[in-house]
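Asker: just need the structure, nothing else, for what follows:
(chains A and B)
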2 protein chains.
Amino acid sequence: MKKVSITIKEIARQLGISKSTVSRALRDSSEISEETKQKVIDLAEQLNYYPNPIAISLLKNRTQTIGVIVPDIANRFYSSAIGGVEDIAYSRGYHTMIYQSHELLERERSATRHIASRRVDGLVVAISSQSENIDHFASLQEQGIPVVFFDRVSDAMHTHKVRVDDYKGAFDATEHLIKRGCRRIAHIAGPKPVSITRFRLEGYKDALRKYGIDFQEEWVLHSEITQAGGTERTYQLMALRERPDAIFGASDRITMGIHWALRQLGYKMPDDVAVVGFCDIAMSSLLDPPVSSVTQPSFEMGQQATSLLLDLIESKNTPAEFETRVLQSNLVINKSSMRH
Amino acid sequence: MKKVSITIKEIARQLGISKSTVSRALRDSSEISEETKQKVIDLAEQLNYYPNPIAISLLKNRTQTIGVIVPDIANRFYSSAIGGVEDIAYSRGYHTMIYQSHELLERERSATRHIASRRVDGLVVAISSQSENIDHFASLQEQGIPVVFFDRVSDAMHTHKVRVDDYKGAFDATEHLIKRGCRRIAHIAGPKPVSITRFRLEGYKDALRKYGIDFQEEWVLHSEITQAGGTERTYQLMALRERPDAIFGASDRITMGIHWALRQLGYKMPDDVAVVGFCDIAMSSLLDPPVSSVTQPSFEMGQQATSLLLDLIESKNTPAEFETRVLQSNLVINKSSMRH
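Answerer: Residues are numbered from 1 along each chain as shown, chains lettered A, B, ... in the order given. Okay, here's the model as predicted:
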């Protein structure tokens, strides 16, 4: 199928001006009056003629479009955060284009190349677990396309960042398990390179330390952010000679895997094994027993990251200092950890 | 923040040609040789200079980008279908931009305007439940941007369509419940305007008819595609003087709501009430009891719709006839309907 082509010629004919004037108007040439530019653009839009939207939007030097890249749109945490991004973007007159990296560096790079070539005004991103190198984001920033990180952030780049207090969330979850009488508390952590994995691991370790419980290397296993990962690691943990009496899962997918595996293996939650996860609350209430979880303000994270991004886009100057906002998580206690 | 501007001047200087030649090369003027055009584009890319990607891609008259619009990315059916879209698009050298309509006509229209203005090469879409009027898609097609429907299709437009045999899926589910001894089978259907709602309702009715069971108006309730909708409708159904002994849910969200409500109300599945849904299989196996469900080849639907779309984009001619592919669903039986 061929695109319908209404040419510059047609616009020139209808307005009674030269083709070169139309062309220069669309390129925002300073030789053409604002009035003529506006006439040309109005007619181009009326004719459904989008020969060069970039040129049109150059009039205000923006495309009114932002990109958002997340590892996995099916993950409730990210789909909810995207809801927050769209909420702010829409209310401030921006379109949102969504990309997913599938946790692959190459896909993430491909998305940033696309964003650069399409002259998107800015980017909100949660970094893929493979991306220890984030030069592709730095390159966007150098080209004048601002980037704001949320959830998974990197120290390697100066920009605005919005994250949850993962350390405290993990500390609270572990402390709760200790207070319910658990002493052999395992942790199924996320992939090693991810910032939130480190923060959560530290919170877990510090809670053990506070209560004088020895940290044991074999009780911490790293996993992909998948249900299958959580299931496999749970089988590994329950096969240990000294079994854990509690498992703390670092994400909702992982926690769904823990829950499933324990039920398959015939363990009772919470009496045999108590479980706390970082979880979507709607999801965890459907499981039997419902799962205690550290909940995160995902929608609000998306909103705040986007507000910061749009401020960068609309400001003439680079800010003197970038901001890192740390939002609070909340431990919601359910039957899965309420050991008597 | 200002965009870094490396001007046409710089490209002209480095290549030792005039500014007007660079500009015409980027606009794909026939006065400029292919060789010169290529040099200009190569240097522009090397300098991270994207003054006019549209012009560049006009060389092949494409932006190598497709759009996909779904009602809700958090719905596992759609996120899996998007996986299929990306799979084919990526392997054939196209970028995928994802939009969600949130079931709102206005958001869907806004996305199609964006797609037109950004000269996306084509669109794969599952129509929002609000969109009885689909002029915005017809308008894209008229502008030479092909549109392929999947899952939720419309008769109002001639184009390729990929859907599941919803009629047969619903027929099979209802017949299975009848064979397990259920006689008062309720159906929580989706929103009325949606194509799949009608197909599923017909399948349900025809199965009742085949076994000589009277259809009862009050046992069919329409609901939003949400867990809350499924929950509310279940409360309504169980409050009826003559209670249903089975509920067939038209989507996974609705079925999650049915499951939750029945547990809250203290009914046992399947003995008090048998349940079958249209469901994500990973999800339904986590529930207790696991839910019987009509599963759909969502990933494959995304793949097939995208193959058809890319063929339209890459073909010089409009096809003589458009195709409607109907894929088969599969009834997976689980404990929730295995009444003795």
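
Asker: pull the distance from stretch A:150-161 to the chain's centre.
Answerer: The chain centroid and the centroid of stretch A:150-161 are separated by 11 Å, computed with CA atoms, centre = their mean, to the nearest Å.

Asker: can you give me the end-to-end span of it?
Answerer: Criterion CA to CA, to the nearest Å; first-to-last residue distance in stretch A:150-161 is 6 Å.

Asker: the closest residue to chain B within the stretch 151-300 of chain A: which element?
Answerer: Minimum separation of the stretch 151-300 of chain A from chain B (CB to the nearest CB) falls at residue A:288, amounting to 3.8 Å. To be clear about C-beta, it is placed using only N, CA and C from the backbone, and glycine gets the same treatment. Counting by DSSP states H and E, residue A:288 is held by no secondary-structure element, helix or strand.

Asker: name the nearest residue to it, ignoring sequence neighbours.
Answerer: Spatially, and ignoring its direct neighbours in sequence, residue A:288 is nearest to residue B:288 (3.8 Å; CB to CB, 6 or more residues apart in numbering or on different chains).

Asker: for chain B, see how far away residue A:74 is.
Answerer: For residue A:74, the distance to chain B (CB to the nearest CB, to the nearest Å) stands at 4 Å.

Asker: part of a helix, is residue A:69?
Answerer: No. Looking at residue A:69 with DSSP: H, G, I helix; E, B strand; the rest coil, it is strand, so not inside a helix.

Asker: so it bridges to which residues?
Answerer: Under the criterion DSSP bridges, residue A:69 forms beta bridges with residue A:99, residue A:125.

Asker: residue A:149 versus that one, what's the distance?
Answerer: 10 Å (CB to CB, to the nearest Å).

Asker: mind listing the shared neighbours of the two?
Answerer: Listed as contacting both residue A:69 and residue A:149 by CB atoms under 8 Å, 6 or more residues apart in numbering or on different chains are A:125, A:126.

Asker: please enumerate the strands of the stretch 51-200 of chain A.
Answerer: Using DSSP state E, counting those that start in this stretch, the strands found in the stretch 51-200 of chain A span residues A:65-70, A:95-100, A:122-125, A:147-150, A:161-164, A:185-189.

Asker: taking their axis directions, the first one and strand B:95-100 sit at what angle?
Answerer: So that's strand A:65-70. 90 degrees (axes from the mean of the first three to the mean of the last three CA atoms, to 10 degrees).

Asker: the residue of the stretch 101-250 of chain A found nearest chain B: how many residues sit nearby?
Answerer: At 3.7 Å from chain B, residue A:144 is the closest residue in the stretch 101-250 of chain A, using CB to the nearest CB. By other CB atoms under 10 Å in any protein chain shown, the residues close to residue A:144 number 17.

Asker: which pLDDT does the model give it?
Answerer: pLDDT recorded at residue A:144 is 88.

Asker: wait, a helix at residue A:331?
Answerer: No. Assignment of residue A:331 by three-state DSSP gives strand, placing it outside any helix.

Asker: run through the bridge partners of it.
Answerer: For residue A:331, the beta-bridge partners are residue A:294 (DSSP bridges).

Asker: what sits against it?
Answerer: Residues near residue A:331 by CB under 8 Å, 6+ apart: A:169, A:172, A:173, A:176, A:276, A:292, A:293, A:294, A:295.

Asker: who wins for neighbours among these?
Answerer: residue A:276 (32 neighbours).

Asker: what helix or strand does that one sit in?
Answerer: Taking DSSP H and E as the definition, one finds residue A:276 inside strand A:274-278.

Asker: do residue A:12 as well
Answerer: Per DSSP H and E: residue A:12 is located in helix A:8-15.

Asker: helices or strands up against that helix?
Answerer: Secondary-structure packing of helix A:8-15 (3 or more CB pairs under 8 Å, 6 or more residues apart in numbering or on different chains; DSSP states H and E): helix A:19-26, helix A:34-46.

Asker: for that helix, C-alpha coordinates in PDB please.
Answerer: Extracted as PDB, the C-alpha positions of helix A:8-15 are listed here (Å, rounded to 0.1, in the frame of the first residue of the first chain):
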ATOM      1  CA  ILE A   8       4.100  20.600  -0.900                       C
ATOM      2  CA  LYS A   9       3.000  21.700  -4.400                       C
ATOM      3  CA  GLU A  10      -0.700  21.400  -3.400                       C
ATOM      4  CA  ILE A  11      -0.300  23.500  -0.300                       C
ATOM      5  CA  ALA A  12       1.600  26.100  -2.400                       C
ATOM      6  CA  ARG A  13      -1.200  26.100  -4.900                       C
ATOM      7  CA  GLN A  14      -4.000  26.500  -2.400                       C
ATOM      8  CA  LEU A  15      -2.200  29.300  -0.500                       C
END
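
Asker: between it and helix A:34-46, how big is the angle?
Answerer: Helix A:8-15 runs at 120 degrees relative to helix A:34-46, counting by the same axes, to 10 degrees.

Asker: need the residues that contact helix A:8-15.
Answerer: A:18-19, A:21-23, A:26, A:39-40, A:43-44, A:47, A:49, A:51.

Asker: quick check on these: which are buried?
Answerer: Among these, the ones that count as buried by 16 or more other CB atoms under 10 Å in any protein chain shown are A:21, A:22, A:23, A:26, A:39, A:40, A:43, A:44, A:49, A:51.

Asker: what's near enough to touch the first one?
Answerer: Translated: residue A:21. By CB under 8 Å, 6+ apart, the residues touching residue A:21 are A:12, A:32, A:36, A:40.
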